[in-house]
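Peer 1: Mind folding the following:
(4 chains)
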There are 2 protein chains.
Amino acid sequence: MGTKDRSMSAARAKTQVPANTRAQWGTLSRSQIVAAATKAVKGGGYASMTIRSLAAQIGVSPMSLYRYVRDKDDLLDEVVDALLEEVWRPAASEDEWRAWIAEAADNLRRFLVREPAALRVYLVHPVVSKAALERMEAMLGVLGQAGLDNEAALSAYGAIHTYTIGFAAFEASRSRSVGSEPLAGDLAGRLASFSSPRQFGEGLGYLLDGISQAAENCAGRFSNASNASNASNASNAGQR
Amino acid sequence: MGTKDRSMSAARAKTQVPANTRAQWGTLSRSQIVAAATKAVKGGGYASMTIRSLAAQIGVSPMSLYRYVRDKDDLLDEVVDALLEEVWRPAASEDEWRAWIAEAADNLRRFLVREPAALRVYLVHPVVSKAALERMEAMLGVLGQAGLDNEAALSAYGAIHTYTIGFAAFEASRSRSVGSEPLAGDLAGRLASFSSPRQFGEGLGYLLDGISQAAENCAGRFSNASNASNASNASNAGQR
DNA sequence: CCAGACACGCGTACGTGTACGCAAGATGTG
DNA sequence: CACATCTTGCGTACACGTACGCGTGTCTGG
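Peer 2: Modelled structure (predicted):
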């Protein structure tokens, strides 16, 4: 999107002009809207990002946005893709598949919990944006290198993915509802333990243990290398 | 909730009287509202159950409901509890812990996918309704009987639970968005395979394999039975 | 029996996402 | 230049959940 003037009109309610002037021709573009939405989500957060406020921010009428955006979810998709792109990559080496996978899962989990808009997107439909696909391919690659054949890698990825999203949803929902109901006795504690980052690591550990076994079975008689773990490192899957 | 007359006024817009009459005193009660909402959700589905339509159905003004219900989510909680109560119990014997757990998880998954209202409730906050707690206790019991100590059972339950919800969310979201975007090539197939019931079983299998190992470690020197599946898992896998 | 307190049903109003279609600017064609 | 057509910004309007507070019905203490 070009370096247009912008000419300032934000909010458009408090201008000298009666404020009835419609915006210049060609002011809007999808990328500009996405950019504004991304900024709004980063500051302020998802809850405060309404179509109306976004339009006001840009200096345009709410309905104008719908020329470039199917609906709010469509807009969020793109925003979340931009945000995900910045955070999903693990720091671990791909050679240590278990650590790498655990970190990738944890990165996604933290992202989803931190950014409610992202969680919403992940819950409302499968995410097939650019960054999400890159991430999937990368994970499938690492899983393959761990000894899984294509089908098994797909299945393992699916399991890890849904577990991660499910956990993030649970964690977010819990943190959303602290202080609502008093919630008798040990129950509160139990719920809390379900949604700790530590518990995420443990559950993921179960999953990876099971996947390890599958990898061994896949490898079959081939003594496949790539087994940089399998012994004595099931612990500490990926906790912050 | 008594056997009051009801006197018919449903919709209240098309009565002989100018329709300005307010409803009788004491018509409303929480349980009646919940019952009406449950019926509305069973037929028609969640999407069509709006506060306004529900109120019309009962023959009362929308705002009247709020005397008995904090908000729509509060109402849904109770509705979903009633629905869950009917469907969560596995048919398998508790002695076969693996089959029992798998069936319990699958029952919940199917319920969540079939009933969007339930999925919503499970995603918006931790569910601590009566049926949900019963279910949790039952699962913890079976897990304990499988050889896990209290802490490990809790952790395993949490993992299974979040996996189940995550999977259901994914499956529902996918079925919700078929036909929207064309979605190039193998991607569609990949996504489809992620959300098949078969994939649910496989992922759960990974989880249960991991949990089995944990159970063995828990049992320690005790020779505990409980191993109804998996194979070929040598050493390793310290979790905790 | 009456006055005050309380319970209850509801009218009004707000902010939300967005369907529908109009009108004004841009662009093309004679 | 006149006119048709296409593009784009937007006004209006609707259904949604629900905050706020009013008026009416019921109950309770004097």
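Peer 1: ok, residue A:218 - contacts?
Peer 2: Neighbouring residues of residue A:218 by Cβ atoms under 8 Å, 6 or more residues apart in numbering or on different chains: A:147-149, A:152. In short, each C-beta sits where N, CA and C put it, glycine included.
Peer 1: ok, now residue A:119?
Peer 2: Applying Cβ under 8 Å, 6+ apart, one finds that residue A:119 lies in contact with A:112-113, A:168-169, A:172.
Peer 1: same thing but 7 Å
Peer 2: Residue A:119 is in contact with A:112, A:168-169, A:172, counting by Cβ atoms under 7 Å, 6 or more residues apart in numbering or on different chains.
Peer 1: quick one: which of these sit in helices?
Peer 2: Of the positions in the contacts of residue A:119, A:112, A:168-169, A:172 sit in helices, assigned by DSSP state H.
Peer 1: what's the closest of those to chain B?
Peer 2: Nearest to chain B out of the ones in helices among the contacts of residue A:119 is residue A:169 (Cβ to the nearest Cβ; 5.3 Å).
Peer 1: Would you mind identifying the helix or strand in chain A with the lowest mean pLDDT?
Peer 2: Ranking every helix and strand in chain A by mean pLDDT, DSSP states H and E puts helix A:185-194 at the bottom, with a mean of 85.
Peer 1: residues making contact with that one?
Peer 2: Here helix A:185-194 makes contact (Cβ under 7 Å, 6+ apart) with A:170, A:174, A:199, B:126, B:128, B:154, B:158.
Peer 1: how far away is the first one from residue B:49?
Peer 2: Right, the one you point to is residue A:170. Counting by Cβ to Cβ, to the nearest Å, the gap from residue A:170 to residue B:49 is 25 Å.
Peer 1: same question, the third one
Peer 2: When distance is defined by Cβ to Cβ, residue A:199 is 34 Å away from residue B:49.
Peer 1: With the second one instead?
Peer 2: Spatial separation of residue A:174 from residue B:49 under the definition Cβ to Cβ is 26 Å.
Peer 1: Going by how many neighbours each has, rank those two and give me the top one.
Peer 2: Comparing residue A:174 with residue B:49 by other Cβ atoms under 10 Å in any protein chain shown, the one with more neighbours is residue B:49, at 23 against 18.
Peer 1: so is the more buried one in a helix, a strand, or just coil?
Peer 2: At residue B:49 the chain is in coil, as set by DSSP: H, G, I helix; E, B strand; the rest coil.
Peer 1: Name the nearest residue to it, sequence neighbours excluded.
Peer 2: The shortest distance from residue B:49 to any non-neighbouring residue, by Cβ to Cβ, 6 or more residues apart in numbering or on different chains, is to residue B:40 (4.4 Å).
Peer 1: which residues sit in contact with that neighbour?
Peer 2: Counting by Cβ under 7 Å, 6+ apart, residue B:40 touches B:49, B:54, B:57.
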